[in-house]
Structures are given as structure tokens and as C-alpha cells.
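Participant: Sequence and predicted structure are below.
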Amino acid sequence: MRNMRIPSEIHDFFGVEEGQTLLIKGMPGTGKTTLALEIMNSVCSEMNGMYISTRVNPLRVYGMFPWIDEIIPPKNVVNATQKMLLDSLKNVGKEGSSYEVVLDFFKTFLDQAEEMDDPMIVIDSWDAVINYTAHILREAQHSLEQNICEFARDMGIHMIFVSESADLMPLDYIVDGVVTLKNVRMTAPLSGENRPEGMTTRYAREIKLDKLRGVEIKQKIYTCTLHDGRFRYFEPAIENISPQISIVTDVDRISDPCDGCISTGISDFDKITGGLGFGSCNVLEIDHGVGKRYYQVLTALASNSVKNGRAVHIVPSIGYQLTPRDVFVPSNVMVLEAGGDRDQWYETLFKHWDALRARTGQPILNVMGLDSMEFAFGYERMLNATSRMFQKWKETSDVNVVVVKSGQKSIRMTSHIADTYFVIKELNGGICLYGLIPRTEPHYMVWDENNNIRLVPLV
């Protein structure tokens, strides 16, 4: 799995030249501090970071982010909470102008950092510094910001300002780079039935690259997460332009989680669902913009079932095709395209199921693309015949996975018979998955070094 924690554009930004200045903005709780420390972890050499904290005691910083001890030595975590900062500025008015004393306070840290190789300073948060010193600086705030940035550039010290405001401010124009973190509401799929808003509402995190001087911004907005207390962004998932999917894969076999269920072929998905129960109906709703990228979820499921000695029957979704590589496993895999005479087609379907069940002596996996069935027979005619299909499900212990597309009329039917119901959705160029039944938070789909699908929680 790729271990790049921050967007490559930010990493490249700090490589343009020494003394780069970056403003990280966002409302409270959006992950600004975690991002600032993650940047320092990616860019700084060991023990060359300095963290000026205006909100929490230095000991708490290590308690919340234990992984920073290799980049920020304890002596470089500065307690600049209101009392400590004002105590440091107690001579204001006695020695020189008030503005110069505040500026000298920050120059002290710049002088310390200059002795390091490739140093970086994080001020978290800059808003607090301004609030604590407003009675001292008065109208000189912008001059202070300008001078600190100029000193950082002249001394070759990277500087990160953290701001609790997402609004445009004068500092945006002074610094070399600006990024904004947001918690965003994921819109519900355009489904064929009305659902309570609380059932479909989910939230995710985004990082927006507003300005990075000297660096080409390849993508303006990325999805990100704070899973396990670390910042991580996600690159877009590339669309698979080939319509052919191979059930014969080289990924490792995953054992069934329990006696009464089968594995989804994705270990993280098994942890969410507990596996797919025998006799169950499991719905995958594919939202607009996903394209063909959901095929890989079905492929993992079907491939793993074959490896576990289970027969698989597939009614392909529109565009889903098996590759010639699969022709040598027809004994355990059967495919039936939707089309022709409806009644005759259903009879053929049931015969296929019975034949596969007889070959293996155990329940089979049915993967059914209701989008292709609705297109081939029409919704009303398909609905009239599905009662027979549901009856077959009750008579057997087969595991049934139904694929529907957002906007289909068939969703009205499937949502009332589903034991599990998951939505696959496009998000900033990538794919995420979340459950309606059972309700789960969104997970982002990535691939590890062995080409196994992993699901990372968006928290």
C-alpha cells in the first residue's frame, strides 16, 4: 500500500527552495495540526522541527502525537499558551516599541532554527498569537506577518502557520502556499426511492490546494482521513478502461469468516459485514460517476468464492465481461446474459442454479446485475417474475449479491429485501463504500502492494 501521507504537490512545494511559508486553514476539528506535523514528518530531517503551541502544553502534544518524537526534540516544543506568551512579553513597553518586542520574540526561535539543517517551524495556531498580542500590536499585525515571512525566507527556514479560520485573510497573500481542510457532507445517491436524510448522510474530509507557488497542482481537492491518528490523503482511482474482468486472479485466498457465511474476498469488508450469510440478499448500489471501477469488488468476491471451492453464477451488469482467461473454469462458473424471452430466460436461470448446486453439493454464489435485467425486460415485467426468484432464494441457502445503479426503479424492490445494503460512490476521483444496512461510516478503497483491495475508514 502506498505510504505517501501528504499530497505530492505539498512535498514538492517545500523542495522548490529554502524558506517556504505555508498557511494551513480550516475550521476546528478538520485535522490542521495533524497535517502540519505530517508535513514536518515528510519534509524535515530528524530532529529538525520546531513546534510552537499556543493551545496545549508540550507534554500533551507528545501524548496526542507520539510519532513526532523522532522529528521534534522536547526542547523544540515551545509552550506559547496565553500565560506563557504574555509572561515572555512582560517587558513590552519598557524595552523598545511594543511591535519590536513581539517581533524579537519570534526572531529568537528563527535564530535557534537557523542552526539546524533544513529546519521547519510550525506555529499552531497563528490566530491565538494574534489574539493574545492584539492589545500590543494594535495596527501592526500585518507588518508582523510580513516581517516573519521575510525573515524565514532570508534565513532559509520553512514556516507553517495554522489558522482556525477558513476565510480569506491578509496572510493568504503574504505566504507562498495556502491549503484548506474541510469536513464535507457527502450527497446521497439519486436513488429510486425517498430515504430519510439521516440514513444516507455521511461526512468525509477534504484538503484543498489553494496556492502553491512554483508547483503545478495536479488536482485541486483530495479526500483525506485521520485514521489511526495520522493524516493521509488519497489519489484518484484510475478507471479500468477494459470491460473484461478476470475471475482467475493471483491474489491470496481468504477463508470464510464463519461456518454460516462466505468471505467477500476483501478482508476489510469481511470485518465490516462479518461475511455474507447463507440465504442472504446483499445489495450493492453503484452511484453515478463510479464507472467500471466497482467491477473489482465483484471480481474479488467471485474469485475468492471459486478458490474456496464454491460455484458462482453471474448475470452480468451492463458492460461486465469475463476474460478468455476464465474459460478453463466453466465447471464452477456459469454466466447468463439477460435478454430474449423473459419466461424462458428465468427457466434457464433456475436450471443453471440447480446444476451448479448439484456439482458442488453446497450453496452457490449468485451475482445478479439488476441493471441489465431491467434494461432487457423492463421494470414491470421483471418485477412480475422476481417473486419466483425470491422463492428460489428462500428454498436454498445460496448467497445472493444484487447490483443496482442509482436511479433504477429496481432499488425500490431491493431495499426492502436486503439483509445488507452498501453504496459505492465516487469521491474526488476515488471510490468509497459505506453501508445503509448495517449503517457504517464511509471507507475509501485502495490497493496494497499485492493488489489486494483495502478499505480505509474516512474519519
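Facilitator: Cool, got the structure. The shown structure was predicted, so the numbers you read here are calculated from the model rather than taken from an experiment.
Participant: What is the end-to-end distance of stretch 218-231?
Facilitator: One end of stretch 218-231 to the other measures 20 Å (Cα to Cα, to the nearest Å).
Participant: what does that stretch rub up against?
Facilitator: Stretch 218-231 is contacted by residues 5-9, 31, 34-35, 37-38, 64-65, 67, 181, 204-209, 232-236, 427-430, 432, 444, 456-459 when judged by Cβ atoms under 8 Å, 6 or more residues apart in numbering. (Glycine included, C-beta is placed from N, CA and C.)
Participant: Then stretch 447-459?
Facilitator: Outside stretch 447-459, the residues within contact range by Cβ under 8 Å, 6+ apart are 1, 203-205, 223, 225-227, 232, 234, 250-252, 266-269, 272, 296-297, 300, 432-433, 441-446.
Participant: all strands of the stretch 51-200 of the chain, in order?
Facilitator: Secondary structure of the stretch 51-200 of the chain (DSSP state E, counting those that start in this stretch): strands at 77-79, 120-124, 158-163, 177-186.
Participant: following the helix-or-strand element of the chain with minimal mean pLDDT, which helix or strand shows up next?
Facilitator: Least confident helix or strand of the chain, by mean pLDDT, DSSP states H and E, is strand 244-245 with a mean of 52. Counting by DSSP states H and E, the next helix or strand C-terminal to strand 244-245 is strand 261-262.
Participant: In the chain, where's the longest helix?
Facilitator: Here the longest helix in the chain is taken by residue count, with DSSP state H as the criterion, and it is helix 342-360.
Participant: Tell me which residues of it come out buried.
Facilitator: Neighbour-count burial for helix 342-360, counted by 16 or more other Cβ atoms under 10 Å, picks out 342, 345-346, 349, 352-353, 356-357.
Participant: any chance of these in JSON lines, plus distance to Leu365 and pLDDT?
Facilitator: Converted to JSON lines, the buried residues of helix 342-360 look like this (distance: Cβ to Cβ, whole Å; pLDDT from 0 to 100):
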{"residue": "Arg342", "distance to Leu365": "24", "pLDDT": "92"}
{"residue": "Trp345", "distance to Leu365": "20", "pLDDT": "94"}
{"residue": "Tyr346", "distance to Leu365": "19", "pLDDT": "93"}
{"residue": "Leu349", "distance to Leu365": "14", "pLDDT": "95"}
{"residue": "His352", "distance to Leu365": "12", "pLDDT": "94"}
{"residue": "Trp353", "distance to Leu365": "11", "pLDDT": "94"}
{"residue": "Leu356", "distance to Leu365": "9", "pLDDT": "94"}
{"residue": "Arg357", "distance to Leu365": "11", "pLDDT": "93"}
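Participant: which two from those end up farthest apart in space?
Facilitator: The largest separation in the buried residues of helix 342-360, counting by Cβ to Cβ, is between Arg342 and Arg357 at 23.0 Å.
Participant: tell me how far the ends of stretch 126-146 are from each other?
Facilitator: Distances were taken as Cα to Cα; on that basis the terminal residues of stretch 126-146 are 13 Å apart.
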